[in-house]
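Asks: pasting the structure only:
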Ligand SMILES: [Zn+2]
């Protein structure tokens, strides 16, 4: 392909910002830290993709969405699964966690290894009223990576993105 205007890696990242997580429409795959690497040559672009978990039912859809969005820039695109990387909720940026909370889902709790106790895992802040007086109601919410919790302060249920 001959480009009159060269595509930069930054253009690719901007295109990737437009690809949203199908389960959390306020977050892009970049916010989710699911894009581990972008390789750009004159002929094509290779996107290395680390899904939140490999069995994710939306995987093929996300790969297709990435390819479609980047190819709009006019470059052939290949999406490869990055198996050398494991996704973890700690990779999500603070900004992404804030967006998630505003969307009404409690973000994954950040815990350092020295503090990996059930009590720490239970310190989940309610996205409605910000109280931490909450309890687990169901280990599985609308998707496998979410749990359902209940807030004693505002008496509302909410979903939590589980720390993985
Ligand atoms: Zn609450």
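Replies: Noted; the coordinates are in hand. Given the structure is predicted, the values throughout are model-derived calculations rather than measurements.
Asks: ok, which stretches of the protein are strands?
Replies: 20-21, 24-28, 35-40, 44-49, 76-81, 105-106, 134-138, 146-151, 157-161 (DSSP state E).
Asks: So which residues on this structure come close to the ion?
Replies: 126, 128, 129, 131, 151, 153, 154 (C-beta under 5 Å from the ion). C-beta: built from backbone N, CA, C; applies to glycine.
Asks: let's see 6 Å
Replies: For the chain, the residues in contact with the ion (C-beta under 6 Å from the ion) are 126, 128, 129, 131, 151, 153, 154, 156.
Asks: from what I can see residue 33 touches residue 95, true?
Replies: No - using C-beta atoms under 8 Å as the test, residue 33 is too far from residue 95 to be in contact (11.2 Å).
Asks: So between those two, which is more surrounded?
Replies: Neighbours per residue (other C-beta atoms under 10 Å) separate residue 33 from residue 95, with residue 33 holding more: 19 against 10.
Asks: gap between the residue nearest to that one when sequence neighbours are not counted and the ion?
Replies: Excluding its sequence neighbours, the residue lying closest to residue 33 (C-beta to C-beta, 6 or more residues apart in numbering) is residue 91, at 3.8 Å. Look at residue 91 and the ion: by C-beta to the ion, to the nearest Å, they are 27 Å apart.
Asks: Just say which of the strands of the chain is most tucked in.
Replies: Of all the strands of the chain, strand 105-106 has the most neighbours on average by mean count of other C-beta atoms under 10 Å, namely a mean of 23.
Asks: what's that strand in contact with?
Replies: The contact list for strand 105-106 (C-beta atoms under 8 Å, 6 or more residues apart in numbering) reads 24, 100, 124-127, 134, 146, 149, 158-161.
Asks: now do stretch 31-47
Replies: Stretch 31-47 has contacts (C-beta under 8 Å, 6+ apart) with 1, 3, 7-9, 12-13, 16-17, 21, 24, 29, 48-52, 62, 66, 70, 75-80, 82, 85, 87, 91-93, 95-96, 99.
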